[in-house]
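**Q** this is a predicted model, with the sequence first.
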Amino acid sequence: MFTNCLKNNDELSVNQGKNVSNVEIALFIDQIKSNIWIFGIPSWLFGITDRSVAAFADGYLSYIELFQLFTASFFFVSWLYLKPNESFNSNDLGASQYQEYVARTQANKLQVRKLHMISQEYILPFPYLCQIYHLLNLKHLETVHNFSLNNLKIFQISQFQPTNTGGIIKFQTILDSPANPLRIWRQPIVEVDLILHTPYTVELSIPVYNNKRIVVLFNAFPLNDSEHQFFIDIYSDLEWPKPLLQIILHFASCLTLFEDLPYLRALADKNIGRLFHLSRASNHETALLFKRFVELYASSGEATKLLKGREEN
């Protein structure tokens, strides 16, 4: 449900964006037409007045002057009937569809806000690339988080799909121990999604019981070559009491971050830059998403600038 809600919200946002652009263009054209029409009224009145003054100045109205007055008056009346119609109004189908998109998008945004459980924000004294390498390496679920995940094992990689800005990897995890506390959340074997949305945003989507999910969004933004800002947002459609669920998720998030710190510190003390060269990136299936990051971003952009800055220091 949560994934579908996010997907529908994204689709509606795209459609709404297209509709907004179409409406804005139509309104802009309507405004130009209306301004030209309004400007034409005093122009025609000035022309008729000028011809009238010139025609009656000598006290005699010739056939040519009468024809000119008639022609100017005819065109003036015609101009009044040429008033442009608005392409979008309250009764127009396009406007009603636009309003429908806005209403549906707002409803989806409200639903996403309801699913939001917790937010955490940190400034960590480690290079941004250390965090990215850690987030995208699946083996770290078994090693770095061995304690908090109670010997969780990656069973197999079931799918990997590159995208224009990142990629999606689906993998099955297994809970070996019958006493693993994670069993209160999920089945012993589930398929987890790890998604690289942008060079700064990673999503971890975990299925739980009864088609419910817990989704964790990680956002890491470099502040300089030795620090980064780290945001953790967790969403869930679990029908647990929200205050209780928030307490559990805050504790779990703090515990996993505490486990991260020694590993991130060890990475920061090494030459992390060598890991971000395509020729040196691991070809192991658990590192496919990290290799995708290297393909897209390590050869240019922010990652390269940070690497150069670190090497110069």
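**A** That came through, no problem.
**Q** all strands for the stretch 101-250 of the chain, in order.
**A** In the stretch 101-250 of the chain, strands defined by DSSP state E, counting those that start in this stretch lie at 116-124, 153-162, 167-174, 189-196, 201-207, 213-224, 227-236, listed in chain order.
**Q** quick one, domains of this structure?
**A** Annotated domains of the chain cover 2-108, 125-312 [automatic domain parsing].
**Q** deepest-packed of those, please.
**A** Greatest average neighbour count among those goes to domain 125-312 (a mean of 16), per mean count of other CB atoms under 10 Å. Bear in mind the C-beta positions are built from the backbone N, C-alpha and C, glycine included.
**Q** in the sheet, who's paired with F230?
**A** With DSSP bridges applied, F230 shows beta-bridge pairing to Y122, A220.
**Q** still on that earlier bit, could I get the domains of the chain as TSV with mean pLDDT and distance to H116?
**A** Formatted as TSV, the domains of the chain follow (pLDDT from 0 to 100; distance: least, CB to CB, whole Å):
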stretch	mean pLDDT	distance to H116
domain 2-108	66	10
domain 125-312	82	5
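**Q** can you say which of those is nearest to I118?
**A** Set against I118 and scored by CB to CB, the domains of the chain come closest in domain 125-312, at 5.0 Å.
**Q** nearest to L115, of the domains of the chain?
**A** Ranking those by proximity to L115 (CB to CB) places domain 125-312 first, at 4.5 Å.
**Q** first to last residue in stretch 284-293, what's the distance?
**A** One end of stretch 284-293 sits 14 Å from the other (CA to CA, to the nearest Å).
**Q** still on that earlier bit, distance to Q68 added to the strands of the stretch 101-250 of the chain, as TSV?
**A** TSV is the format used below for those (distance: least, CB to CB, whole Å):
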stretch	distance to Q68
strand 116-124	73
strand 153-162	73
strand 167-174	74
strand 189-196	74
strand 201-207	70
strand 213-224	71
strand 227-236	74
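**Q** and these: which comes nearest Q31?
**A** strand 201-207 (38.4 Å).
**Q** name the helices or strands packed onto the closest one?
**A** Judged by 3 or more CB pairs under 8 Å, 6 or more residues apart in numbering; DSSP states H and E, the packing partners of strand 201-207 are helix 128-136, strand 189-196, strand 213-224.
**Q** as TSV, the ones you listed with distance to F290 would be great.
**A** Listed next are the helices and strands packed on strand 201-207 as TSV, based on distance: least, CB to CB, whole Å:
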stretch	distance to F290
helix 128-136	4
strand 189-196	9
strand 213-224	14
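**Q** of the ones you listed, which is nearest Y60?
**A** Comparing the helices and strands packed on strand 201-207 against Y60 with CB to CB, the closest turns out to be strand 213-224 (83.7 Å).
**Q** what inclination does the closest one have with respect to strand 116-124?
**A** Between strand 213-224 and strand 116-124, the angle comes out at 20 degrees (axes from the mean of the first three to the mean of the last three CA atoms, to 10 degrees).
**Q** just want the angle from strand 213-224 to strand 189-196.
**A** Angle of strand 213-224 versus strand 189-196, following the same axes, to 10 degrees, is 30 degrees.
**Q** residue ranges of the helices in this structure, please?
**A** Counting by DSSP state H, the chain has helices at residues 2-56, 63-81, 93-115, 128-136, 242-269, 288-293, 302-312.
**Q** okay, and the beta partners of H116?
**A** Here H116 sits in beta bridges with Y235, going by DSSP bridges.
**Q** which residues sit in contact with it?
**A** Going by CB atoms under 8 Å, 6 or more residues apart in numbering, H116 touches D233, I234, Y235.
**Q** between the strands of the stretch 101-250 of the chain, which one is nearest to I29?
**A** strand 201-207 (37.4 Å).
**Q** what's that closest one in contact with?
**A** Residues from elsewhere that reach strand 201-207 (CB under 8 Å, 6+ apart): 3, 132, 135-136, 185-187, 190-197, 213-220.
**Q** extract the C-alpha set from it and format it as CSV.
**A** Extracted as CSV, the C-alpha positions of strand 201-207 are listed here (Å, rounded to 0.1, in the frame of the first residue of the first chain):
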residue,chain,number,x,y,z
THR,A,201,18.9,9.4,-1.9
VAL,A,202,18.7,5.7,-1.1
GLU,A,203,15.5,3.8,-0.2
LEU,A,204,15.3,0.6,1.8
SER,A,205,11.8,-1.1,1.5
ILE,A,206,11.1,-4.0,3.8
PRO,A,207,7.9,-6.1,3.7
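**Q** tilt between it and strand 167-174?
**A** With the same axes, to 10 degrees defining the directions, strand 201-207 sits at 40 degrees from strand 167-174.
**Q** name every strand pairing with strand 201-207 and say which way it goes.
**A** Strand partners for strand 201-207, identified by DSSP bridges, are recorded as strand 189-196 (antiparallel), strand 213-224 (antiparallel).
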